[in-house]
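Chemist: The sequence isn't on hand, but the structure is:
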C-alpha cells in the first residue's frame with residue numbers, strides 16, 4: 001500500500017459530514033509539522049455547527065535578492081456531503097473498501113484523496129529539495145460542502161488582514177473526466193441568485209376583474225428573461241445563463257387567484273458580466289413589464305480566470321510528463337472555494353481526480369489514478385521551485 005492511499009483511507013474513515021471535520025485536520029497536522037510547517041487553527045460558525053479551518057505553512061529561505069520565496073498554496077476541504085441511504089451503499093461509506101480496482105468511500109473523489117496526494121507530494125518534495133526556494137502552505141476547511149460562510153472565505157480575510165501574499169494556488173477539486181489529468185479548471189463562473197416576488201390582488205377566480213393575477217402578469221417577463229442574451233461569453237467561458245429554480249404561487253385552492261407569486265432564479269455568469277450589470281438589466285426588464293415587485297439578490301461567488309502563465313504552464317507540463325495527456329482547460333461546473341482564494345491570489349487552478357461519482361451512492365476512484373495525482377502535484381512543486 002502506497003503512502004497516498006494509506007492517508008486517503010485514514011481520512012475516508014473519518015465521518016466528516018459537513019461541517020464536522022471529525023479529526024481529519026489532526027491527521028494532516030501530524031503529517032505536516034515534521035516537515036517544518038507552522039499550523040494554525042481558525043474556528044468559525046455557531047457552537048452547534050462549528051467549522052474548523054487549517055492554515056499550515058512552511059516558509060522557505062529568502063531569495064538571494066532578499067525577496068521572499070514565492071508561496072504555493074494547496075487548498076481543499078475535509079468535509080463531505082451526507083451519504084444518503086446507507087442501505088443503498090455496497091459497503092460502509094466510512095470504511096474504505098477496494099473492489100474492482102477502485103477505492104470506495106465517501107470522499108474518495110471529493111476530495112480526501114486529493115488532500116492525501118498533496119501531503120505526500122509535499123513530503124517527497126521537501127525531502128528531495130530541502131533548500132528549494134519555494135514556500136508551501138495548505139489551506140483546509142470543513143465548510144466547503146455546506147454554506148461556505150465560515151471556511152475558506154474567513155481564512156482569506158484573516159490572511160489579507162495580516163498582509164499574507166500568495167503567488168500560486170492549487171485547489172484539489174475533482175476536475176478530471178475519464179482519467180486523472182485530462183481536465184483542469186483555470187476558472188469558474190460566478191453564481192448569483194435572485195428571489196423575485198411579484199405582487200397582485202387576491203380574489204375569486206370567477207371574478208377576475210376584481211383581482212389581479214400576478215402569475216399572468218409575471219409570465220411575459222419571465223419569458224423575456226429566459227430568452228435574453230446576457231453576454232456571448234469568451235474564449236474561456238460559455239455565455240452567461242439565467243435559470244428558474246422554483247416558482248411558488250397560489251393558496252392551494254382551485255378557485256382563488258393568488259395575491260403574489262415568488263420566483264427563485266440563478267445566474268451562472270462569465271467574466272463578461274458583473275453582478276451589478278445583470279441586476280440592472282433584470283430590474284429594468286421587470287419595470288418595463290409594469291410589475292409590482294420586490295427583488296432580493298445573493299451573490300455566492302464571483303467568476304475568476306487564470307490565463308495561461310507560470311502556474312497553468314507548470315500544471316500542463318506536469319500532467320503531460322506524468323500521464324502523456326494534453327490536459328483540457330475548462331471553466332465548466334459549479335462553484336468551488338477557488339472563488340474566494342482568487343480574490344487574494346492571481347493564479348488559481350483546480351487539479352484533481354475524476355468526478356464521475358462525486359456526491360453519489362458508492363462514490364469511488366480508480367486505484368490507478370492515485371499515484372499519478374500525487375506525482376502531478378510534486379512535479380508542479382519542482383517546476384515552480386526551478387522556473388526556467
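Modeler: Great, that's in hand. As the structure is a prediction and not an experimental result, all values here were calculated from the model. Numbering: from 1, shown residues only.

Chemist: got the residue ranges for the strands in the stretch 51-200 of the chain?
Modeler: In chain order, the stretch 51-200 of the chain shows strands spanning 51-58, 71-77, 97-99, 102-104, 135-141, 168-171, 183-185, 187-188, 190-199, with DSSP state E, counting those that start in this stretch as the criterion.

Chemist: Quick check: residue 117 touching residue 2?
Modeler: No: Residue 117 is beyond contact range of residue 2, at 10.3 Å (criterion: Cβ atoms under 8 Å). Using the backbone N, CA and C atoms, a C-beta is placed for each residue, glycine as well.

Chemist: Name the nearest residue to the residue nearest the centre of the chain, sequence neighbours excluded.
Modeler: The centroid of the chain falls nearest to residue 336 when counting by Cα atoms, centre = their mean (1.3 Å). In this structure, residue 336 finds its nearest non-sequential neighbour in residue 173, 5.0 Å apart by Cβ to Cβ, 6 or more residues apart in numbering.

Chemist: follow-up on the earlier one: separation between the residue nearest to the centre of the chain and residue 324?
Modeler: Going from residue 336 to residue 324 by Cβ to Cβ, to the nearest Å gives 27 Å.

Chemist: And for residue 152?
Modeler: The separation that residue 152 has from residue 324, given Cβ to Cβ, amounts to 33 Å.

Chemist: likewise residue 381?
Modeler: Applying Cβ to Cβ, the value for residue 381 to residue 324 is 20 Å.

Chemist: Quick one: the strands in the stretch 251-388 of the chain, in order.
Modeler: Secondary structure of the stretch 251-388 of the chain, counting by DSSP E, counting those that start in this stretch: strands at 256-257, 260-269, 293-301, 304-305, 328-330, 348-350, 364-366.

Chemist: Mind putting these into JSON lines with mean pLDDT?
Modeler: Putting the strands of the stretch 251-388 of the chain into JSON lines (pLDDT from 0 to 100) gives the following:
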{"stretch": "strand 256-257", "mean pLDDT": "98"}
{"stretch": "strand 260-269", "mean pLDDT": "98"}
{"stretch": "strand 293-301", "mean pLDDT": "96"}
{"stretch": "strand 304-305", "mean pLDDT": "94"}
{"stretch": "strand 328-330", "mean pLDDT": "96"}
{"stretch": "strand 348-350", "mean pLDDT": "98"}
{"stretch": "strand 364-366", "mean pLDDT": "97"}
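
Chemist: Residue 11 is nearest to which of the ones you listed?
Modeler: Of all these, strand 364-366 sits nearest to residue 11, with 12.5 Å by Cβ to Cβ.

Chemist: Can you give the strand pairings for the closest one, parallel or anti for each?
Modeler: When sheet partners are counted by DSSP bridges, strand 364-366 sits next to strand 102-104 (antiparallel).

Chemist: Contacts for the strand it pairs with next, please.
Modeler: The set of residues external to strand 102-104 that reach it, using Cβ atoms under 8 Å, 6 or more residues apart in numbering, is 5, 8-9, 12, 90-91, 93, 96-98, 113, 362-367, 370.

Chemist: Restricted to helices, list the residues you listed.
Modeler: With helices taken from DSSP state H, the overlap with the contacts of strand 102-104 comprises 5, 8-9, 12, 113, 370.

Chemist: Which residue is the nearest non-sequential neighbour of residue 202?
Modeler: What sits nearest to residue 202 in space, not counting adjacent residues and going by Cβ to Cβ, 6+ apart, is residue 259, at 3.6 Å.
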